[in-house]
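In: generate coordinates for the sequence data below:
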Amino acid sequence: MMAPVPDYAAFIRANTSIQVTPFVPELRLWTADESLPLWTKAQAWIAAGELSIPFWAFPWSGGQALARYVLDHPEVVSGRDVLDFGSGSGLVGLACKLAGARRVHACDIDPFAKAATMMNADLNGLEVLAFDGVFPAQMPEGVSVVVAGDMFYERDASASFSAMFKDVHRSGVEVIVGDPKRLGYSMEGLEEVATYDVPTSVELEDALVRRVAVCKILTTDDA
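Out: Coordinates of the predicted model:
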């Protein structure tokens with residue numbers, strides 16, 4: 001018998017509440033109060049392969065810093081088509097739209113994240129388009145900026161995402177990342193354009209404040 005399709009929106013509404021984003025008060029998100037109860041409740045779905053770890057339920061420090069940077073410097077996205085890679089809650093993409101981006105495409109492999117992004121877009125009265133293609137091979141036509149927060153969280157992921165971002169940059173697309181430099185994982189060829197001390201929680205990040213660098217990719221070599 002085929003398993004029932006999860007009701008993504010119902011699960012999000014049942015396990016989160018509408019909250020102002022601490023470092024980006026211009027935006028509200030469906031946010032979990034604590035990570036452990038949500039992750040515990042989601043274990044059965046995670047084990048069944050129907051739910052990934054719910055990164056979409058929290059405004060992580062890298063995304064908050066990147067969203068803050070975009071809102072403080074709207075010229076980096078205003079009038080441009082943007083792709084929010086690893087969009088999670090959609091926070092960064094929503095900030096880009098609020099800052100005047102022409103179109104924003106949200107890219108995430110987790111269907112719960114896609115649902116959360118659309119719910120958060122509706123909550124804030126903003127339009128974000130769901131990207132269902134393969135990044136970067138099928139990137140939407142016209143995208144000139146890729147934004148990505150909190151992608152360098154472990155060694156293999158950092159290497160994989162670094163390679164993809166370099167390929168995208170070589171194609172002429174600007175890449176801007178929010179990087180808390182967790183455990184020292186990051187990528188080479190970055191120019192730091194801003195730093196922020198982002199409030200977070202001990203439960204999520206083992207700290208009350210996380211220093212986050214917002215960087216642009218400069219490198220065009222094969223390093």
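In: switch to C-alpha atoms for all contacts and neighbour counts from now on
Out: OK.
In: just the CA trace of stretch 74-89, in CSV.
Out: What follows is stretch 74-89, C-alpha atoms only, in CSV (Å, rounded to 0.1, in the frame of the first residue of the first chain):
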residue,chain,number,x,y,z
PRO,A,74,19.4,46.6,-1.6
GLU,A,75,21.4,47.6,-4.6
VAL,A,76,23.0,44.1,-4.7
VAL,A,77,19.6,42.6,-5.7
SER,A,78,17.3,45.4,-6.7
GLY,A,79,15.8,44.8,-10.2
ARG,A,80,17.7,41.5,-10.5
ASP,A,81,16.6,37.9,-10.7
VAL,A,82,17.9,35.9,-7.7
LEU,A,83,18.1,32.3,-6.7
ASP,A,84,18.1,31.4,-3.0
PHE,A,85,20.1,28.2,-2.8
GLY,A,86,19.3,25.9,0.2
SER,A,87,16.5,28.2,1.0
GLY,A,88,15.2,26.5,4.1
SER,A,89,12.6,28.8,5.6
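In: what's the average pLDDT for it?
Out: Stretch 74-89 carries an average pLDDT of 97.
In: quick one: buried residues of that stretch?
Out: 74, 76-78, 80-89 (16 or more other C-alpha atoms under 10 Å).
In: and for stretch 176-184?
Out: Buried residues in stretch 176-184 (16+ other C-alpha under 10 Å): 176-181.
In: ditto for stretch 142-161
Out: Neighbour-count burial for stretch 142-161, counted by 16+ other C-alpha under 10 Å, picks out 143-153, 158, 161.
In: min pLDDT across these, which one?
Out: Scoring these by pLDDT puts Tyr153 last, at 76.
In: thinking again about what came up before, which of the buried residues of stretch 74-89 fall within strands?
Out: Judged by DSSP state E, strands contain the following of these: 81-85.
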